[in-house]
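Chemist: predicted model and sequence below, questions to follow.
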Amino acid sequence: MKDLMWAVATTAIALFTAAPAPAQWMLRFDRQKLYEEIWSEPAERVAARHGVSGVAIIRVCRCLEIPKPPRGYWAKKAAGHRTTRRPKLPKFDDMKAVERHR
């Protein structure tokens, strides 16, 4: 299953970002780890750490069915306002993800 998640994430990055070096697509995303990262800091910071754009990280999250914070979440949190609860990580449907990216 990890190989399948790697293939889906690699395909998503290759399709949605324009980088000349194919070696960049050898990134491996652990679904649980990416879920924790995306809910602990803004997508731009997570993306910078992985060497891709914020849009690419969000699209990888979409491909791996990882829920992400809603728009304005980090601004509300910084201002001390109530924020939405973090949803549980749903089960990953491997075949649906593969079909979507063929």
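Modeler: That came in fine, so what should we check first? Keep in mind it's a predicted model, so treat the numbers as computed, not measured. Numbering: from 1, shown residues only.
Chemist: only C-alpha atoms for contact and neighbour calcs from this point on.
Modeler: Noted.
Chemist: any low-confidence regions in the protein?
Modeler: 1-27, 94-102 (pLDDT under 70).
Chemist: run the last query once more with 80
Modeler: Low-confidence segments of the chain (pLDDT under 80): 1-28, 93-102.
Chemist: all strands for it, in order.
Modeler: In the chain, no strands are defined using DSSP state E.
Chemist: ranges for the helices of it?
Modeler: For the chain, the helices defined by DSSP state H occupy 2-16, 31-40, 43-50, 54-63, 73-78, 94-100.
Chemist: and Ile66, how far from Gln32?
Modeler: 9 Å (C-alpha to C-alpha, to the nearest Å).
Chemist: so between those two, which is more surrounded?
Modeler: Of the pair Ile66 and Gln32, Ile66 is the one with more neighbours under other C-alpha atoms under 10 Å, namely 22 against 10.
Chemist: what sits against the more buried one?
Modeler: Residues near Ile66 by C-alpha atoms under 8 Å, 6 or more residues apart in numbering: Arg31, Tyr35, Leu89, Pro90.
Chemist: next one: it from Ala79, what distance?
Modeler: 25 Å.
Chemist: over to Leu64?
Modeler: Distance of Leu64 to Ala79, computed by C-alpha to C-alpha: 30 Å.
Chemist: one step back: any common contacting residues for Ile66 and Gln32?
Modeler: Leu89.
Chemist: from the contacts of Ile66, list the buried ones, please.
Modeler: Arg31, Tyr35 (16 or more other C-alpha atoms under 10 Å).
Chemist: and which of the contacts of Ile66 is nearest Tyr73?
Modeler: Comparing these against Tyr73 with C-alpha to C-alpha places Tyr35 closest, at 15.3 Å.
Chemist: my read: the closest one touches Pro69, true?
Modeler: No - contact criterion C-alpha atoms under 8 Å: Tyr35 and Pro69 do not qualify, at 10.2 Å.
Chemist: coming back round to it: any chance of TSV for the contacts of Ile66, columns distance to His50?
Modeler: Converted to TSV, the contacts of Ile66 look like this (distance: C-alpha to C-alpha, whole Å):
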residue	distance to His50
Arg31	14
Tyr35	14
Leu89	21
Pro90	23
